[in-house]
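Q: need coordinates for the following:
(one chain, ligands or ions: 1)
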Amino acid sequence: MTTSATGLELRDVVAGYGGHPILHGVSFSVRAGETLVVVGPNGSGKSTLMKTAVGLLRPISGQVLFGEANVTTLGAPARAARGLANVPQEANIFRNMTVLENLQVGYEFVASHSAPSFGKRLDAVLDLFPEIRAKLRSTAGYLSGGQRQMVAMAAALMPEPSVLALDEPSAGLSPRNAEILFEVIGRVAASGVTLLIVEQNTRLGLGAADHGVVLVGGRIRLAAPAAEVLADPDIRRLYLGGA
Ligand SMILES: Nc1ncnc2c1ncn2[C@@H]1O[C@H](COP(=O)(O)OP(=O)(O)OP(=O)(O)O)[C@@H](O)[C@H]1O
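A: So this is what the prediction gives:
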């Protein structure tokens, strides 16, 4: 997989619903090839931030920049064609289709004449997700929750995006399956893909990240290298049960 020089930057983003702000001026950047994880308590605006970052929610003010492009002015096909991929928290696979068909849909979503062949992309993606190689002919909806998340990520990676956004990838998974999923996410990061992840599991999320952002009440409370965020005594007390 290629490493692109394209990162993602939020500049003073105010966003919400019906003109009512949930995010109150959020700024940070995810540098190309790095993993940034946003953590924070329930209702702090993590999903709102993610929807805004990937262009699904237009901010009230501020900008989301993806390379030279302003995400907020691009339609979904243009965002995908430029290499921004997104796995939402729910409804992120076609449950009635096989795993292989899901990967085909992911590939064809952005297929262009210059793209590597389907077979090449399939091999590259299955190298990252050996867990689903044996499941290609299975109906996706019958897989376990962790395997379904892997299918969703694999499908999003088929067009070889430079940035992948994951909204609460461990939601609903057992602690062990959440750990396995984050091992896979680590492999994806090591392959050069830039990752923006919103995650409720602070320890797992920050453990897989280069940088951490703590969002509280729609404002950034702390932005620092992930290890520093994990080591912060206030963060440990508030979000890690004092561990
Ligand atoms: N579509 C919507 N319309 C109106 N308000 C919304 C909508 N989606 C979210 N909200 C509100 O925005 C606030 C932040 O919600 P958001 O889902 O972004 O937080 P979160 O940090 O992702 O929470 P959680 O960790 O519980 O998923 C909440 O008060 C929520 O009720």
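
Q: just so I have it, where are all the strands in the chain?
A: 8-17, 20-30, 35-39, 61-66, 69-70, 84-87, 163-167, 194-198, 211-216, 219-225 (DSSP state E).

Q: quick one, which of those strands gets closest to Phe109.
A: Of all the strands of the chain, it is strand 84-87 that lies closest to Phe109, at 8.9 Å by CB to CB. In short, each C-beta sits where N, CA and C put it, glycine included.

Q: can you lay out the strands of the chain as a markdown table showing mean pLDDT and distance to Asp234?
A: Output for those, formatted as a markdown table (pLDDT from 0 to 100; distance: least, CB to CB, whole Å):
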| stretch | mean pLDDT | distance to Asp234 |
| --- | --- | --- |
| strand 8-17 | 96 | 23 |
| strand 20-30 | 97 | 19 |
| strand 35-39 | 96 | 13 |
| strand 61-66 | 95 | 27 |
| strand 69-70 | 88 | 35 |
| strand 84-87 | 94 | 30 |
| strand 163-167 | 96 | 25 |
| strand 194-198 | 97 | 20 |
| strand 211-216 | 95 | 9 |
| strand 219-225 | 95 | 8 |
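
Q: just put those strands in a markdown table and tack on distance to Phe118 and mean neighbour count.
A: Formatted as a markdown table, these follow (distance: least, CB to CB, whole Å; neighbours: other CB atoms under 10 Å):
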| stretch | distance to Phe118 | mean neighbour count |
| --- | --- | --- |
| strand 8-17 | 27 | 19 |
| strand 20-30 | 28 | 19 |
| strand 35-39 | 27 | 27 |
| strand 61-66 | 25 | 18 |
| strand 69-70 | 27 | 14 |
| strand 84-87 | 17 | 24 |
| strand 163-167 | 19 | 25 |
| strand 194-198 | 23 | 26 |
| strand 211-216 | 34 | 23 |
| strand 219-225 | 38 | 16 |
